[in-house]
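1. requesting a structural model of the entry that follows:
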Amino acid sequence: MMFSNNSTVTNSSLETIPEAALPVEPGVIITEAVLAIVGNLLVILSSGWRQTFPPAGRLFVISMACSDLLLGVSFAVSVAPAEAGRWIYADEWAQIIATAECSFHTLTAIALAGLNLDRHYVLKSNRGLSGRKSKLFMFLAWIGILSWYGFSAAYGVPVEYDPIIARPVFDLSTFVWFTVVSFALFSAAGTAALFCVTLVLKALCCHQDAPPAQQPGVFHINLAPAAPQIPPQAAQNGDDVNARWYAKVVLLLTIGQLLTYLPYSCGLLLREFTHVDVPPTFIFWSYWATCFNTCVDVVVYSGLQQSFRTAVYEMAVSVICGVYNVCCRKNRVDPTAEQAIELTSL
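-> I've put the predicted structure just below:
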């Protein structure tokens, strides 16, 4: 992709904030980058190793993992500029990272909305979204979002390095059309995700199991002493209660994740379009709190799944066995070769 030369990276914020007063913590950035990369790699590999979700749900989870993984890689790139207090790479890299920043946060929210919409259809009709429709939906979402922000960067929307959050960002005050459309895209994706989560939570709380069908009376005559028996429905009800409790926890955590975007969004709007003095410390920690969702997604949507933990365990065992076989192959003794040596000695 060719970027316009009219858009250059500036460090204008350094003129108003002394470098010593910047609240940047490189250790926080490194930690989030490592957790996002390792965790989402495990999600992608485990989804290919074992079908940890239904087809449509698995597609949305993999899409979220890919977005969060690429965001984690961009976090790692921001470590050196955070330590230096300024942008030290080429301007093209800043434009790419700013494009990735906006695109992948929006795509994560879209995939989250699709995942919960699939859950809603499962609860409503016992059938989720079709795999073909889910693939088409996410394909169009990726193409559309990346094309929009790529076009904006190529058109010449300025990119500036924000030393407070140690990230290159688009300048929101230059082109009103870009600011309006970008906020509308992310707000629509986040609102749709929150709406779908609310639908699933409401259906889960209001759903009542249908009463068991009446069976004709059948009498069994048994001369042996009667032994206490556990009704088979009890174990099933216990599993159902545990599944519902887990689902409610996941949905409440999802709502909490979506609400973490509000503090930074409000602070950013106040900082860019008003004269309100927003503390730099608040901007830094609220921004990286939203970025921490790249790690929380792994725990909420995969780590709490037994199938995911089983897949990770199986992969770890396979890797350990493979390394053991490779390392110990040199120390193995071939029985045929040993017998040949004995015969020659005789």
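2. what about the helix or strand hosting Phe186, average pLDDT?
-> Phe186 belongs to helix 176-206 when assigned by DSSP states H and E. Helix 176-206 shows a mean pLDDT of 89.
3. can you list the buried residues in that helix?
-> 178-179, 182, 185-186, 189-190, 192-194, 196-197, 199-201, 204 (16 or more other C-beta atoms under 10 Å). C-beta here means a position set from N, CA and C on the backbone, and glycine is covered the same way.
4. cool, and stretch 65-75?
-> Ala65, Cys66, Ser67, Asp68, Leu69, Leu70, Leu71, Gly72, Ser74, Phe75.
5. again, but for stretch 131-140
-> Under 16+ other C-beta under 10 Å, the buried positions of stretch 131-140 are Ser134, Phe137, Met138.
6. and stretch 139-150, by the same measure?
-> Neighbour counts over stretch 139-150 (16+ other C-beta under 10 Å) mark Ala141, Trp142, Ile145, Leu146, Trp148, Tyr149, Gly150 as buried.
7. narrow the residues you listed to those in helices?
-> Counting by DSSP state H, those place Ala141, Trp142, Ile145, Leu146, Trp148, Tyr149, Gly150 in helices.
8. helices along the stretch 1-150 of the chain, start to end?
-> Assigned by DSSP state H, counting those that start in this stretch, the helices in the stretch 1-150 of the chain fall at 26-49, 55-77, 79-84, 91-125, 131-155.
9. what two of the buried residues of helix 176-206 are the furthest from one another?
-> Using C-beta to C-beta, the two most remote members of the buried residues of helix 176-206 are Phe178 and Leu204, lying 39.1 Å apart.
10. count of neighbours near Leu253?
-> 17 (other C-beta atoms under 10 Å).
11. Met315 too?
-> 16.
12. again, but for the one 10 residues further on
-> Using other C-beta under 10 Å, Asn325 has 10 other residues around it.
13. and it, what element?
-> helix 306-328.
14. can I get the CA coordinates of that helix in CSV?
-> Extracted in CSV, the C-alpha atoms of helix 306-328 (Å, rounded to 0.1, in the frame of the first residue of the first chain):
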residue,chain,number,x,y,z
GLN,A,306,-12.4,-27.0,29.1
SER,A,307,-11.9,-27.9,25.4
PHE,A,308,-9.3,-25.1,25.1
ARG,A,309,-7.4,-26.2,28.2
THR,A,310,-7.4,-29.8,26.9
ALA,A,311,-6.1,-28.7,23.5
VAL,A,312,-3.3,-26.6,25.1
TYR,A,313,-2.4,-29.6,27.3
GLU,A,314,-2.3,-31.9,24.2
MET,A,315,-0.2,-29.5,22.3
ALA,A,316,2.2,-29.2,25.2
VAL,A,317,2.5,-33.0,25.5
SER,A,318,3.1,-33.3,21.8
VAL,A,319,5.8,-30.7,21.8
ILE,A,320,7.6,-32.2,24.9
CYS,A,321,7.4,-35.7,23.3
GLY,A,322,8.7,-34.4,20.0
VAL,A,323,11.6,-32.6,21.7
TYR,A,324,12.4,-35.7,23.8
ASN,A,325,12.4,-37.9,20.7
VAL,A,326,14.7,-35.6,18.8
CYS,A,327,17.1,-35.1,21.7
CYS,A,328,17.3,-38.7,22.7
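15. could you shift the numbering so residue one becomes 431, and keep it that way?
-> In the new count, where the first residue is 431, that last one comes out as helix 736-758.
16. can you name every helix or strand that it contacts?
-> Taking 3 or more C-beta pairs under 8 Å, 6 or more residues apart in numbering; DSSP states H and E as contact, the helices and strands that helix 736-758 lies on are helix 456-479.
17. list of residues touching the helix it packs on?
-> By C-beta atoms under 8 Å, 6 or more residues apart in numbering, the residues outside helix 456-479 that reach it are 482-483, 488, 491-492, 495-496, 498-499, 501-503, 505-506, 508-509, 512-513, 596, 718, 721-722, 724-725, 727-729, 731-732, 738, 741-742, 744-745.
18. same deal with stretch 553-564?
-> 484-487, 489-490, 544, 547-549, 551-552, 630, 633-634, 637.
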